[in-house]
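Colleague: Quick one, what's the 3D model for this:
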Amino acid sequence: MKHRIRFFTRPLLMIIALSMIAAAQTSNTLPRKTVPARELTLDSVVVSLPLGQNAQGQPEPPLEMTLQQLMKTFKIPGLSVAVIDNYKVAWAKGYGVIGPDSSEPVTTRTLFQAGSISKPVAAVGAMWLVEHGKLALDEDVNLKLKSWKVPENEFTKDQKVTLRRLVSHSAGLTVHGFPGYAVGEPVPTLVQIFNGEKPANTAAIRVDYVPGTKSRYSGGGVTIEQQLMMDVTGQPFPQFMRNTVLDKLGMTDSTYEQPLPANRAAQTATGTRADGSAIVGKWHVYPEMAAAGLWTTPTDLAKFAIEIALSKQGKANHILSQKMTQEMLTRQVKDAPIGLAFFLDDKNLDQFGHGGADEGFQAQLIMFADSGKGLAMMGNSDAFFQVLPYVQEAVAKAYGWKYDAGAQPAANLLTLVEVAKGPQAAMEEFERLKQGTIRGYTIDENTLNALGYRLLAQNKIDEAINVFKRNVEEYPKFWNCYDSLGEGYMRAGKKELAIQNYQKSLELNPQNTNGADMLKQLREGK
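Modeller: Below is the predicted model of the structure:
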């Protein structure tokens, strides 16, 4: 079973070796020239991945790829980047095209959906209301909600849902994120979303653990925050955010309008699936605006991050006071590095940011408040997070970031080796990873699964089956290995082997609905 991974929090960063063209390494295939750090653009960056040692114990030549090659590998039509240095936008640039079937280039003013980066921007509006006495951080939100109330139950008997808990994901509320609504589909009201009533496509938003006792990411809670802001101001959410936040920061290419008006729609990129196909209708509509509805650019997000960083130091404060900004960047819950809407880093105390993913769009914002460095990057692809780590590491090296990316998943490395050298080379790389001759990567049950599904997508069925079989050898108790092998055998027309593996997956995980459906189809001869 191929899982579609959604990233609503700060995505994992891979430890990789990146060399700029200015580096001393040489290459017979890629031209190099000296590029000062502050003139760095990603055209001048080459990703260099060490491949460990061969069977004779000799080091393999590193694999080198340009950004354009990475985008092609992962079928990403377009990227847009803004680099922050010394509290200013050092440079911004678009790469690629606005959609998979378009030749129109991405520019710095092309609009992308920000996904969950909508949340910290919206939270600044909420904190403005707190500072102006319209809301209170620790007050029961039901006291100010007018259009709808959070249903009380046994979990809210002593502890209430508060604004602080909504924005720090500790209010005990359900519904992680939202898939949005295809263009032309009926769009529910917020009250319908809260109650899980049609045409809403998500479950009812309810409290199912005691508020304040632990953290759990909840876009549902942030949508309640949106209703709260609308109820106390009497304004449509996009209008309030325009007047209170966006205009004050010069974020002229940003809006929470859902759906977009025609003049804005003409500026957008087209959302793209990981397989390179376009989202039907170009994008989805998100009435959950505070949680997922911001359209923006990396340059505008950079302006936002710079304002927060400077406000923390009392040097900007166009919206929030220094005290309130510092509160937003202070850890709010014990079990996770979460401030008021921002994700923090225990190893880098000045670091804050957020990632985001809507259907066909993904984005990342990272900022260092004390050094004035950062990165805003957006893409019109569900595969964006597979390229982000390379870009982030290139920028980090060029601009002297001090942060620890940590050990990262190995699936991307195997994908790139497969692209450059073929399936057998990718499997040899996996064996080197297992032997520990390549450092900085983590291997788990999904590492080979990702490679296997890439091969299936290329109709390399026999190679995919061999990869899935190897994964079963590595993880004989993981149900999804058998589900995936069953799919491979089904694609190869080997019905009995497919049935055997789907049965095994269901023995290990009776809740595997995909396996049950496939097994039914195979037995009925469909």
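Colleague: mind listing the strands for the stretch 201-350 of the chain?
Modeller: Ranges of strands in the stretch 201-350 of the chain, per DSSP state E, counting those that start in this stretch, are 284-285, 295-296, 343-344.
Colleague: same question, the stretch 1-150 of the chain
Modeller: 18-20, 45-49, 63-66, 78-85, 88-96, 112-113.
Colleague: circling back: out of the strands of the stretch 201-350 of the chain, nearest to Asp444?
Modeller: strand 343-344 (22.3 Å; C-beta to C-beta). For glycine as for every other residue, the C-beta is placed from the backbone atoms N, C-alpha and C.
Colleague: what is the mean pLDDT for the next helix or strand after the closest one?
Modeller: From strand 343-344 onward toward the C-terminus, using DSSP states H and E, the following helix or strand is strand 351-358. Across strand 351-358, pLDDT averages out at 97.
Colleague: what's the answer for stretch 93-103, then?
Modeller: On average, stretch 93-103 scores 96.
Colleague: That stretch: end-to-end distance?
Modeller: Counting by C-alpha to C-alpha, to the nearest Å, you get 17 Å between the two ends of stretch 93-103.
Colleague: gap between it and the chain center?
Modeller: 20 Å (C-alpha atoms, centre = their mean, to the nearest Å).
Colleague: Which residues does that stretch contact?
Modeller: For stretch 93-103, the external contacting residues (C-beta atoms under 8 Å, 6 or more residues apart in numbering) are 41-42, 67-68, 71, 75-81, 104-108, 110, 268-270, 272, 276-278, 282, 380.
Colleague: got any ranges where the stretch 1-150 of the chain has weak pLDDT?
Modeller: Along the stretch 1-150 of the chain, the model assigns pLDDT under 70 to residues 1-41, 44-57.
Colleague: can you give me the helices in it?
Modeller: All helices of the stretch 1-150 of the chain, identified by DSSP state H, counting those that start in this stretch, fall at 67-73, 118-131.
Colleague: out of the strands of the stretch 201-350 of the chain, deepest packed?
Modeller: strand 295-296 (a mean of 27; mean count of other C-beta atoms under 10 Å).
Colleague: That one - contacts with which helices or strands?
Modeller: strand 112-113 (3 or more C-beta pairs under 8 Å, 6 or more residues apart in numbering; DSSP states H and E).
Colleague: so what strands line up beside the strand it packs on?
Modeller: Applying DSSP bridges, strand 112-113 is found paired with strand 295-296 (antiparallel).
Colleague: one step back: how about the strands of the stretch 1-150 of the chain, which one is nearest Tyr286?
Modeller: Here strand 112-113 is closest among these (C-beta to C-beta), at 7.7 Å.
Colleague: Quick one: residues contacting the residue nearest to Ala396 when sequence neighbours are not counted.
Modeller: Leaving aside its chain neighbours, Ala396 sits nearest to Tyr403 (6.7 Å; criterion: C-beta to C-beta, 6 or more residues apart in numbering). Contact analysis of Tyr403 by C-beta under 8 Å, 6+ apart lists Asp345, Lys347, Asn348, Gln351, Phe368, Ala396.
Colleague: out of these, who has the most neighbours?
Modeller: Gln351 (25 neighbours; other C-beta atoms under 10 Å).
Colleague: How much space separates that one from Gly339?
Modeller: 11 Å (C-beta to C-beta, to the nearest Å).
Colleague: right, and Leu260 touches Thr296 too?
Modeller: No - look at Leu260 against Thr296 with C-beta atoms under 8 Å: they stay out of range, at 11.8 Å.
Colleague: Make a markdown table out of the helices of the stretch 1-150 of the chain and add mean neighbour count and distance to Lys198.
Modeller: Formatted as a markdown table, those follow (neighbours: other C-beta atoms under 10 Å; distance: least, C-beta to C-beta, whole Å):
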| stretch | mean neighbour count | distance to Lys198 |
| --- | --- | --- |
| helix 67-73 | 18 | 39 |
| helix 118-131 | 24 | 24 |
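Colleague: need the strands for the stretch 351-500 of the chain, in chain order.
Modeller: 351-358, 361-368, 373-379, 408-409, 441-442.
Colleague: so where do the helices sit in the stretch 151-300 of the chain?
Modeller: Under DSSP H, counting those that start in this stretch, the stretch 151-300 of the chain gives helices at 163-167, 190-195, 219-233, 237-241, 262-265, 289-292, 298-312.
Colleague: One more: the stretch 401-526 of the chain?
Modeller: 411-421, 423-435, 447-457, 461-474, 479-491, 495-508, 513-524.
Colleague: Packed most tightly, which of the helices of the stretch 151-300 of the chain would that be?
Modeller: helix 289-292 (a mean of 28).
Colleague: follow-up on the earlier one: tell me which of the strands of the stretch 201-350 of the chain lies nearest to Gly422.
Modeller: Closest among those, using C-beta to C-beta: strand 284-285, at 36.5 Å.
Colleague: Show the average pLDDT along that closest one.
Modeller: 98.
Colleague: gap between Arg432 and Lys198?
Modeller: 52 Å.
Colleague: higher neighbour count, the two?
Modeller: Arg432 (16 against 8).
Colleague: How many residues are close by the closest residue to Ala269 other than its chain neighbours?
Modeller: Take Ala269 and drop its neighbours on the chain: the residue closest to it by C-beta to C-beta, 6+ apart is Asn380, 3.9 Å away. A count of neighbours around Asn380, defined by other C-beta under 10 Å, yields 33.
Colleague: No more questions from me, cheers.
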